[in-house]
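J.: Have a look; sequence and predicted model below, questions after that.
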Amino acid sequence: MLKIEQLQVKYGHIHAIKGASLEIKEGETVALLGANGAGKSTIIRAITGIIQMYHGTISNGKIYFKEKLLNKFSANKIVEMGISCVPEGRELFAELTVLENLRMGAFIIKDTKLIRKRLNEVYEIFPVIAERKNQVAGTLSGGEQQMVSIGRSLMTDPKLLLLDEPSLGLAPILVERVFDACDKLKKKGTTIFLVEQNANVALNFADRGYILETGLIKIEGKSENLKNNINVKKAYLGG
Amino acid sequence: MNYIIQQIVNGLSVGSIYALTAIGYTMVYGILRLINFAHGDILMVGAYAGLVLGLNFFLPTWVALLITVIVACIFGYLIERLAYRPLRGASQDATLLSSLAISLLLEHLAMMIFTPQPKAFHLPASLASPITVNGIIISNLFYITVIATIVLAIIVFTFIKYSKAGIAMRACSENIIAANLMGISVNKIVSLTFLIGAGLAGFGGFMLAGQYARIDPLMGFIIGVKAFIACVIGGIGNIYGAVLGGFILGLSEMLIVGLLPAQFSGYRDAFVFSMLIMILLIMPNGIFGSIGERRS
């Protein structure tokens, strides 16, 4: 479904991604692991077409989504093609209400009935945010904000969901709750590309994983193989 | 007492113009973090269009007003397309200079085409001629200006609060990256913002021209600066603040000048700018202000 070939991304003179290739098949959940600064979020920014907003450019390589070259598409075209992103740090519209945030998630949808249907689906997955729909998003707790951020990205019923560090800054119990919700999506058949620093959580969740180190994919494999890999254990799973 | 009421009437009258102009200023700043120096000049361009294409042909006033607003919208849209959009992502200084260049370009073009001399801008007597009510000089244009400003402000507020495009404007203003990730076509939202802002400025320009019965190529400059001050008073980026700031500025300008001895009245603008400095010192974020960060 998504195929990245020899991707290279530069921020000015800084070579952040030096030739990364990876592939995600329909229905799969794939994790991208790596330390802080390895370039994980850069890959997400390249896929979603917002890399230039960070003053970066795709200097080489190709990103295909369903056989279509994504490189030159604008961010809103990419959303229309069925890719949705839960960005790192949630990036909610903090001064907008929860409902307004969700409505913005459905920006590309014109049919108001469909929007209402999707809203109800999101409320079903995250009952907490239904109770808080008229509250300003910035006043929610971190966990609730993450749920709004995920809910917002589900409004388009994406074919591919990109999750960038959903566990970041959350207490373990909330991480669990967020991943419980992601499990529901996985069971529904949504293709998920998960970017995580928290390798334990990510490998328990994903079918396969890639490990990114300083702009290069170093290791790849099935989750259970990665969990047993000595190097991975040492570097990412705490021994 | 009548004298003070007269000053309040005058203050509401100019305050309306500041408020109308300030809405566009603050909306553009909110989304692009751009101080659009050319915004005031759009008001001038609109007023000239209303005169040259409308009033000079003895068209009805409302047609001339419509022409003014449409031409202002076209200019607002084109300026964004040609002078700001190509610089999207460039440094803030680049767009600021670009807006300054557009402002000078419009002013000097107007001087070349229409000469720097003011031109008469006469609205029908039923609108513009002063009526004395209980010793206060007032015109029908005054009522129209103030009421239309309030009505237009309420329409804009409602649009921003409830419509999809309005929510998207607030979303873009708050987090442009997330807005892109939602599939919001930021360029369309920016164009819409410029259209609304320019249309309101054009409307204000027509009313201002009618009040003073004349227009000149530099009329937009000082209004633009004052509308900017109105935005700062209200908290830049906030449209409620812009409208409130416009009226506060207009009223205080007229009251300060009116209450001081006559020989100080020439210092009207000096008072305004002193006020700006004081506001920046005391409450740098303005009344409703929250935008602290810069965006490149």
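T.: Thanks, I have the structure now. Numbers count the residues shown, from 1 in each chain, chains lettered A, B, ... in the order given.

J.: mind listing the helices for the chain?
T.: All of this is about chain A. Using DSSP state H, the helices assigned to chain A run over residues A:40-48, A:75-81, A:98-105, A:112-125, A:127-131, A:142-154, A:172-188, A:199-205, A:223-228, A:230-236.

J.: Switch to chain B, please.
T.: Applying DSSP H to chain B gives helices spanning B:2-32, B:39-49, B:61-79, B:92-114, B:125-128, B:140-162, B:164-174, B:176-181, B:186-212, B:219-234, B:239-259, B:268-282.

J.: so of the ones you listed, which one's packed in deepest?
T.: Among those, helix B:39-49 has the highest mean neighbour count (mean count of other C-beta atoms under 10 Å in any protein chain shown), at a mean of 29. C-beta coordinates here come from the backbone N, C-alpha and C atoms, glycine included.

J.: Which elements pack onto that helix?
T.: Packing contacts for helix B:39-49, counted by 3 or more C-beta pairs under 8 Å, 6 or more residues apart in numbering or on different chains; DSSP states H and E, involve helix B:2-32, helix B:61-79, helix B:92-114, helix B:186-212, strand B:214-215, helix B:219-234.

J.: A:Leu192 is in contact with A:Leu32, isn't it?
T.: One correction, residue A:192 is Ile, not Leu. No: in this structure, A:Ile192 is not within contact of A:Leu32 by C-beta atoms under 8 Å, at 11.1 Å.

J.: List just the one of the helices and strands packed on helix B:39-49 that sits closest to A:Ala202.
T.: Nearest of the helices and strands packed on helix B:39-49 to A:Ala202, taken as C-beta to C-beta: helix B:186-212 at 31.7 Å.

J.: So for that closest one, mean pLDDT?
T.: Per-residue pLDDT over helix B:186-212 has a mean of 96.

J.: Same question for stretch B:259-278.
T.: When pLDDT is averaged along stretch B:259-278, the result is 82.

J.: For that stretch, output the C-alpha coordinates as CSV.
T.: Presented in CSV, the C-alpha positions along stretch B:259-278 are these (Å, rounded to 0.1, in the frame of the first residue of the first chain):
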residue,chain,number,x,y,z
LEU,B,259,-11.3,68.0,25.2
LEU,B,260,-7.9,69.6,24.8
PRO,B,261,-7.6,73.3,23.9
ALA,B,262,-8.0,74.0,20.2
GLN,B,263,-4.3,74.7,19.5
PHE,B,264,-3.5,71.0,20.2
SER,B,265,-5.9,69.6,17.7
GLY,B,266,-3.2,69.4,15.1
TYR,B,267,-1.5,66.8,17.3
ARG,B,268,-4.3,64.3,16.9
ASP,B,269,-2.0,61.6,15.3
ALA,B,270,0.7,62.3,17.9
PHE,B,271,-1.8,61.3,20.6
VAL,B,272,-2.7,58.2,18.7
PHE,B,273,0.9,57.1,18.4
SER,B,274,1.6,57.9,22.0
MET,B,275,-1.3,55.7,22.9
LEU,B,276,0.1,52.9,20.8
ILE,B,277,3.4,53.2,22.7
MET,B,278,1.7,53.2,26.0
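
J.: rewinding a little: which one of the helices and strands packed on helix B:39-49 lies nearest to chain A?
T.: Nearest to chain A, of all the helices and strands packed on helix B:39-49, is helix B:186-212, at 7.8 Å by C-beta to the nearest C-beta.

J.: So which elements touch that closest one?
T.: Helix B:186-212 packs on helix B:2-32, helix B:39-49, helix B:61-79, helix B:125-128, helix B:140-162, helix B:164-174, helix B:176-181, helix B:219-234, going by 3+ C-beta pairs under 8 Å, 6+ apart.

J.: Make CSV out of those and add mean pLDDT.
T.: Formatted as CSV, those follow (pLDDT from 0 to 100):
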stretch, mean pLDDT
helix B:2-32, 93
helix B:39-49, 97
helix B:61-79, 97
helix B:125-128, 86
helix B:140-162, 95
helix B:164-174, 95
helix B:176-181, 94
helix B:219-234, 93
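
J.: Please identify which of those helices is closest to A:Thr57.
T.: Of the helices and strands packed on helix B:186-212, the one closest to A:Thr57 (C-beta to C-beta) turns out to be helix B:176-181, at 16.1 Å.

J.: who touches the closest one?
T.: For helix B:176-181, the external contacting residues (C-beta atoms under 8 Å, 6 or more residues apart in numbering or on different chains) are A:48-50, A:53, A:75-76, A:79, A:85, A:87, A:91-93, A:104, B:31, B:168, B:171-172, B:186, B:189, B:295.

J.: Buried ones among those?
T.: A:48-50, A:53, A:75-76, A:79, A:85, A:87, A:91-93, A:104, B:31, B:168, B:171-172, B:186, B:189 (16 or more other C-beta atoms under 10 Å in any protein chain shown).

J.: Might you report the residue contacts of the closest residue to chain A within the stretch 51-200 of chain B?
T.: The nearest approach of the stretch 51-200 of chain B to chain A comes at B:Gly183, 3.1 Å away (C-beta to the nearest C-beta). Applying C-beta under 8 Å, 6+ apart to B:Gly183 gives the contacts A:Ala75, A:Asn76, A:Ile78, A:Val79, A:Glu80, A:Phe107, A:Ile108, A:Thr156.

J.: Skipping adjacent residues, who's closest to it in space?
T.: In space, and not counting its chain neighbours, B:Gly183 is closest to A:Val79: 3.1 Å by C-beta to C-beta, 6 or more residues apart in numbering or on different chains.

J.: Output the below-cut-off pLDDT ranges for chain A.
T.: A:239 (pLDDT under 70).

J.: Now for the residue in chain A positioned nearest to chain B: which residues touch it?
T.: Closest approach between chain A and chain B, counting by C-beta to the nearest C-beta: A:Val79, at 3.1 Å. Taking C-beta under 8 Å, 6+ apart, we find A:Val79 in contact with A:Ile108, A:Thr156, B:Leu181, B:Met182, B:Gly183.
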